[in-house]
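Visitor: Only the shape, not the letters, is given here:
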């Protein structure tokens, strides 16, 4: 086996990136573990994460914990690129976030609704002309995966093929559809968010990528995030060029297998590339703002928070999603679960070579995030379970 891909506890111990290192997002409040009273829990979580990375064969990962609105722990471990021996960096390692992309798409839609561009109960066809989408499918049903559309399997553009516009792709590749229980029955589908991308473009009259960049990334100073897959690889369309595009990995009997980053047919559903530092900035938006706070660094006000965390539909079967946490309710942005009698809102992302998850507890102003460059989703679920066991006692 190539020595460059041998992963041991010794190597892991040598590449821990310092907690609370200075980064691009200095506006985020940061507290030491001692200030929060969580020294014991943080040490347990950090040690468990390192051990779990070894047993689950995870090349690299980044984490953060926010409590009472302040970052109390952040770290990066391992390698973003094994072959090149590049360490995983909390602020500068850009990874593919998969379905975590949907948070940004839903945020754009909810902000448009708040601005009066449309009502969430409006039929999709009211705002998008020349479409064969059923007239009963409304915007809210797309956000909550209750539109009646089956999942679309064509996630990636085939090698050698030219990308299609969102509107053309959604016309040519409409999946199976059942009108029964629209707005009531949960059925996860990337196609829903492809349609929401079409809606954003129709209302804004600009490209989806540009709309998200202009209205979310730039206002939040998320300098290392993009939805444009071509720009990702060429390292363009980022506010700052100081990034390292992370390599993704599968593992087999021979060792690690690097996964090629592919172009996406439905970018609003799955094409985001970002960093842990940027997601920490986003996570800080999901807590209630006090009157004394400076609102200029926020794009989500308290009124919009209520819409984001409003329970929309009950979920009885989510077989294709993670077993932990179990999902029982869907909002217009997050999945919901009750853990230790506490409301947890979350969204995850999994594509070949990458896995991540963002977990929010609004009432405690608590957030946990994990990202790794591995297809192994068990690592994310096990670590999340451990963190909640420690912090939600």
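Guide: That came through fine. This is a predicted model, so every value here is computed, not measured.

Visitor: State which strand of this protein is the longest.
Guide: Among the segments of the chain that qualify as a strand by DSSP state E, the longest is strand 70-81.

Visitor: Work out the gap between that one and the centre of the chain.
Guide: Centroid separation for strand 70-81 versus its chain: 16 Å, with Cα atoms, centre = their mean, to the nearest Å.

Visitor: After that strand, which helix or strand is next? Please name it.
Guide: Toward the C-terminus, strand 70-81 is succeeded by strand 86-87 as the next helix or strand (DSSP states H and E).

Visitor: Quick check: next helix or strand after that next one?
Guide: Strand 86-87 is succeeded, C-terminally, by strand 93-98 (DSSP H and E).

Visitor: mind listing what residue 317 touches?
Guide: Contact partners of residue 317, counting by Cβ atoms under 8 Å, 6 or more residues apart in numbering, are residue 186. In this view, the C-beta of every residue, glycine as well, is placed from N, C-alpha and C.

Visitor: what do you get if the cut-off is 10 Å, keeping everything else the same?
Guide: Residues in contact with residue 317, defined by Cβ atoms under 10 Å, 6 or more residues apart in numbering, are 185-188, 327.

Visitor: How about residue 244?
Guide: Contacts for residue 244 (Cβ under 10 Å, 6+ apart) come out as 80-81, 84, 86-89, 92-95, 224, 235, 275.

Visitor: rerun at 8 Å
Guide: 80-81, 86, 89, 92-94.

Visitor: Between these, which sits nearest residue 212?
Guide: Checking the contacts of residue 244 against residue 212 with Cβ to Cβ, the nearest one is residue 94 at 15.4 Å.

Visitor: burial of that closest one, as a residue count?
Guide: Per other Cβ atoms under 10 Å, the neighbour tally for residue 94 reads 25.

Visitor: by contact count, what packs against the helix or strand encompassing residue 141?
Guide: Per DSSP H and E: residue 141 is located in helix 139-143. Helix 139-143 sits against helix 101-114, helix 190-204, with contacts defined as 3 or more Cβ pairs under 8 Å, 6 or more residues apart in numbering; DSSP states H and E.

Visitor: hang on, residue 268 packs against residue 192?
Guide: No - using Cβ atoms under 8 Å as the test, residue 268 is too far from residue 192 to be in contact (9.4 Å).

Visitor: And the two? Which one has more around it.
Guide: Using other Cβ under 10 Å, the more surrounded residue of residue 268 and residue 192 is residue 268, with 30 against 27.

Visitor: which residues touch that one?
Guide: For residue 268, the contacting residues are 101-102, 105, 166, 193-194, 196-197, 200, 208, 227, by Cβ under 8 Å, 6+ apart.

Visitor: again with residue 345
Guide: Residue 345 is in contact with 286, 309, 331, 333-336, 359-362, counting by Cβ under 8 Å, 6+ apart.

Visitor: now, the most widely separated pair of those residues?
Guide: Farthest apart among those by Cβ to Cβ are 333 and 361. That separation is 14.9 Å.

Visitor: Now tell me which helix or strand of this structure has the poorest mean pLDDT.
Guide: Lowest on mean pLDDT, DSSP states H and E among the helices and strands of the chain sits helix 9-14, with a mean of 36.

Visitor: hmm, back to that, looking at the contacts of residue 244, state which has the most neighbours.
Guide: Ranked by neighbours (other Cβ under 10 Å), the contacts of residue 244 are led by residue 93, which has 28 neighbours.

Visitor: how close does the closest residue to that one other than its chain neighbours get to residue 249?
Guide: Among residues not flanking residue 93 along the chain, residue 80 sits closest, at 4.4 Å (Cβ to Cβ, 6 or more residues apart in numbering). To residue 249, residue 80 is 10 Å away according to Cβ to Cβ, to the nearest Å.

Visitor: Overlap in contacts, those two.
Guide: In contact with both residue 80 and residue 249: 59, 373, using Cβ under 8 Å, 6+ apart.

Visitor: quick one: low-confidence ranges for the stretch 151-300 of the chain?
Guide: By pLDDT under 70, the weakly predicted segments of the stretch 151-300 of the chain are 229-242, 291-296.

Visitor: which residues of it fall in helices?
Guide: 166-172, 190-204, 208-212, 229-234, 267-270, 276-283 (DSSP state H, counting those that start in this stretch).

Visitor: which of these is buried the deepest?
Guide: Among the helices of the stretch 151-300 of the chain, helix 267-270 has the highest mean neighbour count (mean count of other Cβ atoms under 10 Å), at a mean of 26.

Visitor: If we ignore the residues flanking it in sequence, what's nearest residue 129?
Guide: residue 202 (7.8 Å).

Visitor: quick one on the thing from earlier: adding distance to residue 373, write the helices and strands packed on helix 139-143 out as TSV.
Guide: Shown next, in TSV, are the helices and strands packed on helix 139-143 (distance: least, Cβ to Cβ, whole Å):
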stretch	distance to residue 373
helix 101-114	17
helix 190-204	21
